[in-house]
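**Q** Let me see the structure of the following:
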Amino acid sequence: MKIYDFIEPELEFYREFCNFTEDERKLFDLRAREVPLEQCAEEMCCDISTIKKLSVRVNKKIIKATDTRKMREWIDRVYWEKLIIS
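**A** Residues are numbered from 1 along each chain as shown. Predicted structure coming up:
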C-alpha cells in the first residue's frame, strides 16, 4: 500500500478515523509526501526497524478503517463541506 497514492480527501479520512498515535501520524504524513522510509527514520530520530514496525501498524489501521462506502459518504458529507466553508 502506497500512502502517497491516496488523494487528499482519502488522506483526511484516514487522519480522522485511524486513531493514529503521534508517531504513526508523523510517519503517515511523511509517507503521504513520498518521503522514503530511510529518510523518515532520520527525521523521526528512529532506526529503520522501528519505522518499519510503525509502517506496519499504520497500514493495518488503514486497512481496518477502509470501508469504501463509508469513506465516500464522509468525503461527500464532511470533507467537501469543510472546503466550501473555509
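
**Q** Just list the residues touching the most centrally placed residue in the chain, thanks.
**A** Nearest to the geometric centre of the chain sits Phe28, at 4.2 Å (Cα atoms, centre = their mean). Phe28 sits next to Ile3, Tyr14, Arg15, Cys18, Phe20, Val58 when contact means Cβ atoms under 8 Å, 6 or more residues apart in numbering. For every residue, glycine as well, the C-beta is placed using N, CA and C.

**Q** got it, and Arg15?
**A** When contacts are counted by Cβ under 8 Å, 6+ apart, Arg15 touches Arg25, Phe28.

**Q** I'd assumed Ile48 was in contact with Ala41.
**A** Yes: using Cβ atoms under 8 Å, Ala41 is in contact with Ile48, at 4.8 Å.

**Q** quick one, which of these two is more surrounded?
**A** Neighbours were tallied for Ala41 and for Ile48 using other Cβ atoms under 10 Å; the higher tally belongs to Ala41 (19 against 13).

**Q** ok, then the element right after the host helix or strand of that one?
**A** Using DSSP states H and E, Ala41 maps to helix 37-43. As assigned by DSSP H and E, the chain's next helix or strand after helix 37-43 is helix 48-65.

**Q** distance between that following helix and the chain's centre?
**A** 10 Å (Cα atoms, centre = their mean, to the nearest Å).

**Q** Go through that helix and flag the buried ones.
**A** Neighbour counts over helix 48-65 (16 or more other Cβ atoms under 10 Å) mark Ile51, Leu54, Ser55, Val58, Lys61, Ile62 as buried.
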